[in-house]
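> What shape does this take:
(chains A and B)
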Amino acid sequence: QVQLVQSGAEVEKPGASVKVSCKASGYTFTGYYVHWVRQAPGQGLEWMGWVNPNSGGTSYAQKFQGRVTMTRDTSISTAYIELTRLRSDDTAVYYCARESNSWYYFDYWGQGTLVTVSS
Amino acid sequence: QTVVTQEPSFSVSPGGTVTLTCGLNSGSVSTSYYPSWYQQTPGQAPRTLICGTNTRSSGVPDRFSGSILGNKAALTITGAQADDESDYYCALYMGSGIVFGGGTKLTVL
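Got it, this is the predicted structure:
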């Protein structure tokens, strides 16, 4: 069965960087885009961007351009998101999600990773 | 800037029918935006309900249906149950990426 398993919670100081992983199983990793979506406490879902596991190509939401990098390691079927220059308002649960091959929607989600930014 | 609008909250009685909507601050939502809908309960990852405007995801009960109503995408729950009490998010494909609505908190009482 398809699974996306994310790395554990992180606590970082303002100005630092964080890298979250998303390990895929149960399907051909290079066949589906992986997106990252975050949710601040008590807030809604916010799309951050995607990585194409096949080519390594990426697309980021304008809000995160220059601070976010999405990568992948096909040898271990894992996608990554790195966010730099962290601020307190980056405190959120970060989800990876697989994009279906049709209709531009997310058919599977990771369990989420809480990133807390606090001095 | 594209803003996807949803009702902040809605209430429905058990067994009742409710329609949640998903609009744009400028323009109309059409099937070209491939509207999708997600259900989320506290502490859980979102669950996919509807894709491509009106196709139910695997395992989703048929009391959930999607459509275009006027100039908005819509999610209708027919015969609401207590465990439908959740947050509901729509998402639209904008070409350059995905934009989520702010979500609707549905209360069943």
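> So which bits of chain A are right by chain B?
A:35, A:37, A:44-47, A:49-50, A:59, A:61, A:95, A:97, A:100, A:102-107, A:109-112 (C-beta under 8 Å from any C-beta of the partner chain). Where you see a C-beta, it was placed from the backbone N, CA and C, and this is true even at glycine.
> Report the buried members of these.
Among the residues of chain A next to chain B, the ones that count as buried by 16 or more other C-beta atoms under 10 Å in any protein chain shown are A:35, A:37, A:44-47, A:49-50, A:61, A:95, A:97, A:100, A:103-107, A:109-110, A:112.
> what pairs with the spatially most central residue of chain A across the strands?
The residue lying closest to the centre of chain A (C-alpha atoms, centre = their mean) is A:Trp36, at 3.4 Å. Note on A:Trp36: beta-bridge partners by DSSP bridges are A:Gly49, A:Cys96.
> Who are the contact partners of it?
A:Trp36 makes contact with A:47-50, A:68, A:70, A:81, A:94-97, according to C-beta atoms under 8 Å, 6 or more residues apart in numbering or on different chains.
> from those residues, which single one is nearest B:Leu109?
A:Tyr95 (29.1 Å; C-beta to C-beta).
> if I look at A:Met70, how far off is B:Val3?
The gap separating A:Met70 from B:Val3 is 24 Å, by C-beta to C-beta, to the nearest Å.
> And for B:Gly27?
For B:Gly27, the distance to B:Val3 equals 11 Å [C-beta to C-beta].
> again, but for A:Cys22
Counting by C-beta to C-beta - A:Cys22 and B:Val3 are separated by 28 Å.
> the more surrounded of those two?
Neighbours per residue, other C-beta atoms under 10 Å in any protein chain shown: of A:Cys22 and B:Val3, the larger number sits with A:Cys22, 28 against 11.
> quick one, what contacts the residue nearest to that one when sequence neighbours are not counted?
The shortest distance from A:Cys22 to any non-neighbouring residue, by C-beta to C-beta, 6 or more residues apart in numbering or on different chains, is to A:Cys96 (3.5 Å). By C-beta under 8 Å, 6+ apart, A:Cys96 lies in contact with A:4, A:6, A:20, A:22, A:34-37, A:79, A:81, A:109-110.
> From the residues you listed, pick the one nearest chain B.
Each of the contacts of A:Cys96 was checked against chain B using C-beta to the nearest C-beta; the closest is A:Trp109, at 4.3 Å.
> just checking, B:Ile50 touches B:Leu75?
Yes - taking contacts as C-beta atoms under 8 Å, B:Ile50 lies within contact range of B:Leu75: 6.3 Å.
> any common contacting residues for these two?
B:37, B:64-66.
> so which of those is the most crowded?
B:Trp37 (29 neighbours).
> If we ignore the residues flanking it in sequence, what's nearest it?
Using C-beta to C-beta, 6+ apart, the closest residue to B:Trp37 is B:Ile50 (4.1 Å).
> Assign a three-state SS to that neighbour, would you?
Three-state assignment for B:Ile50 (DSSP: H, G, I helix; E, B strand; the rest coil): strand.
> Look up how far B:Ile77 lies from it.
From B:Ile50 to B:Ile77 the distance is 11 Å (C-beta to C-beta).
> of these two, who's got more company?
Taking neighbours as other C-beta under 10 Å, B:Ile50 and B:Ile77 compare with B:Ile50 leading, 26 against 23.
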